[in-house]
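**Q** build me a model:
(one chain, ligands or ions: 1)
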Amino acid sequence: MTTHDAPIGVFDSGLGGLSVLDAMRARLPNESMIYIADSGHAPYGEKTDAFIRQRSKAIADWFVARGAKMLVVACNTATTHAIRHLRDTLSIPIVGVEPGIKPAALATASGVVGVLVTAATLRSERLKTLIAEHETRCRFVCQAGHGLVEQIENGHLNGAVIDDLLVRYLTPMAQAGADAVILGSTHFALLVPAIRRLFGNRFMLIETGTAVARRVDTLLVEHGLIARANPEIRKDVEFFSSAQSVEQREALLAVVGGLATSDARSSVSYVEIAHALTEPQY
Ligand code: DGL
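**A** Prediction:
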């Protein structure tokens with residue numbers, strides 16, 4: 001396998017990064033990709049900065065050992081707490097995901113924007129910096145989405161618990177006059193249907209999967225790494241998961257099966273879910 005045809009490694013603490021993977025596959029159908037859902041260690045958003053950094057490094061090293069040509073950190077929380085360390089220690093190009101503060105600031109008409117992120121992202125310096133850069137333009141109402149990721153990881157994208165949490169977190173944003181909500185965890189992109197059901201078109205929902213896919217494309221071109229394989233053939237994705245429970249494994253398969261770029265061929269590799277990661281030392 002030449003470097004061009006080497007896979008792109010994509011990871012998240014679980015299912016959230018699949019929304020990013022979907023956008024990448026739509027844009028770059030002939031790239032090989034490997035996805036790791038680190039569901040056995042989710043939610044990252046409730047862990048310490050050191051845990052997130054060590055776990056991200058263990059996964060990144062695993063990808064490098066498999067010859068990945070690029071790494072996509074499809075997780076806002078891991079990007080915030082680990083991407084600098086990854087860039088300092090690895091030589092492959094690395095793309096991260098950040099809450100869409102700038103696009104939301106440009107899109108809002110009311111001048112009030114809701115920001116739904118994980119607790120770890122909320123306390124990060126990076127988010128504070130991003131917000132400070134755009135605070136003259138609009139006001140941000142920030143909220144940690146405690147409990148949402150656990151529900152999603154167990155396959156509950158709808159239901160009473162999710163509804164209660166979303167109503168509790170988004171109602172104050174609506175009351176403050178927000179016309180846009182930033183889905184600042186890739187997991188929350190999976191809640192768009194539930195938010196629409198509960199709040200209708202009250203908010204523009206801002207997520208960054210398409211922008212990340214564009215950035216990956218640009219970087220592949222810049223580094224001369226675009227796949228040379230037959231562009232007519234969509235490549236399969238290899239999926240790995242550290243999920244501990246049957247519920248989590250079934251949730252992964254359900255979300256993968258519902259992706260826009262899902263097809264019969266690629267579904268064959270969805271059974272390839274393995275406990276492939278070694279535990280980092282804490
Ligand atoms: N999907 C991750 C993100 O984008 C966070 C989920 C978690 O807390 O594990 O921030």
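**Q** residue 93: how many residues sit nearby?
**A** Neighbour count for residue 93, taken as other C-beta atoms under 10 Å: 17. Bear in mind the C-beta positions are built from the backbone N, C-alpha and C, glycine included.
**Q** what of residue 236?
**A** Residue 236 is flanked by 17 other residues according to other C-beta under 10 Å.
**Q** please report the distance of it from the ligand.
**A** Residue 236 sits 23 Å away from the ligand, taking C-beta to the nearest ligand atom, to the nearest Å as the criterion.
**Q** and the strands in the stretch 101-250 of the chain?
**A** Per DSSP state E, counting those that start in this stretch, the stretch 101-250 of the chain carries strands over the ranges 112-117, 139-144, 180-183, 204-206, 237-241.
**Q** so what sits opposite residue 239 in the bridge?
**A** Beta-bridge pairing of residue 239 under DSSP bridges involves residue 35.
**Q** just give the number of residues close to it.
**A** Neighbours of residue 239 (other C-beta under 10 Å): 23.
**Q** is it true that it touches residue 39?
**A** No: look at residue 239 against residue 39 with C-beta atoms under 8 Å: they stay out of range, at 11.2 Å.
**Q** which residues are in contact with both of these two?
**A** The contact sets of residue 239 and residue 39 overlap at residue 252 (C-beta atoms under 8 Å, 6 or more residues apart in numbering).
**Q** near the ligand, which residues of this structure?
**A** 12-13, 16, 42-45, 75-77, 118, 121, 149, 185-187 (C-beta under 6 Å from any ligand atom).
**Q** switch to 5 Å and redo it
**A** Contacts of the chain with the ligand, taken as C-beta under 5 Å from any ligand atom, map to 12-13, 16, 42-45, 75-77, 118, 149, 185-187.
**Q** just those residues: which are in helices?
**A** 76-77, 149 (DSSP state H).
**Q** can you tell me which of the residues you listed lies nearest to residue 57?
**A** Distance ranking of those against residue 57, using C-beta to C-beta, places residue 77 first at 14.3 Å.
**Q** ok, the closest one - contacts?
**A** Residues near residue 77 by C-beta under 8 Å, 6+ apart: 13, 44-45, 52, 118, 120-121, 185.
**Q** tell me which two in these are the farthest apart.
**A** Among the contacts of residue 77, 52 and 185 lie farthest apart (C-beta to C-beta), at 12.8 Å.
**Q** who's more crowded, those two?
**A** Counted by other C-beta under 10 Å, residue 52 and residue 185 do not tie: residue 185 has more neighbours, with 31 against 24.
**Q** quick revisit: least confident of the strands of the stretch 101-250 of the chain, on average?
**A** Lowest mean pLDDT within those: strand 237-241, at a mean of 86.
**Q** from the contact counts, what lies against that one?
**A** Strand 237-241 is packed against strand 33-37, helix 246-257, with contacts defined by 3 or more C-beta pairs under 8 Å, 6 or more residues apart in numbering; DSSP states H and E.
**Q** let me have the ones you listed in CSV, extended by mean pLDDT, mean neighbour count and distance to residue 83.
**A** Formatted as CSV, the helices and strands packed on strand 237-241 follow (pLDDT from 0 to 100; neighbours: other C-beta atoms under 10 Å; distance: least, C-beta to C-beta, whole Å):
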stretch, mean pLDDT, mean neighbour count, distance to residue 83
strand 33-37, 92, 26, 16
helix 246-257, 86, 17, 24
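**Q** make TSV from those and add distance to residue 132 to it.
**A** As requested, the helices and strands packed on strand 237-241 are exported to TSV (distance: least, C-beta to C-beta, whole Å):
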stretch	distance to residue 132
strand 33-37	33
helix 246-257	34
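**Q** out of these, flag the one nearest residue 111.
**A** Here helix 246-257 is closest among these (C-beta to C-beta), at 34.6 Å.
**Q** what does that closest one contact?
**A** For helix 246-257, the external contacting residues (C-beta under 8 Å, 6+ apart) are 14-15, 18, 37, 39-40, 152-155, 190, 239, 241, 243, 262, 267, 270, 273.
**Q** just the CA trace of that helix, in PDB.
**A** The C-alpha trace of helix 246-257 is given here as PDB (Å, rounded to 0.1, in the frame of the first residue of the first chain):
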ATOM      1  CA  VAL A 246     -24.300  -5.100  23.900                       C
ATOM      2  CA  GLU A 247     -26.400  -1.900  24.100                       C
ATOM      3  CA  GLN A 248     -23.400   0.200  23.100                       C
ATOM      4  CA  ARG A 249     -22.400  -2.200  20.200                       C
ATOM      5  CA  GLU A 250     -26.000  -2.200  18.900                       C
ATOM      6  CA  ALA A 251     -26.100   1.600  19.200                       C
ATOM      7  CA  LEU A 252     -23.000   1.900  17.000                       C
ATOM      8  CA  LEU A 253     -24.400  -0.500  14.400                       C
ATOM      9  CA  ALA A 254     -27.700   1.400  14.400                       C
ATOM     10  CA  VAL A 255     -26.100   4.800  13.900                       C
ATOM     11  CA  VAL A 256     -23.700   3.500  11.200                       C
ATOM     12  CA  GLY A 257     -26.600   1.900   9.400                       C
END
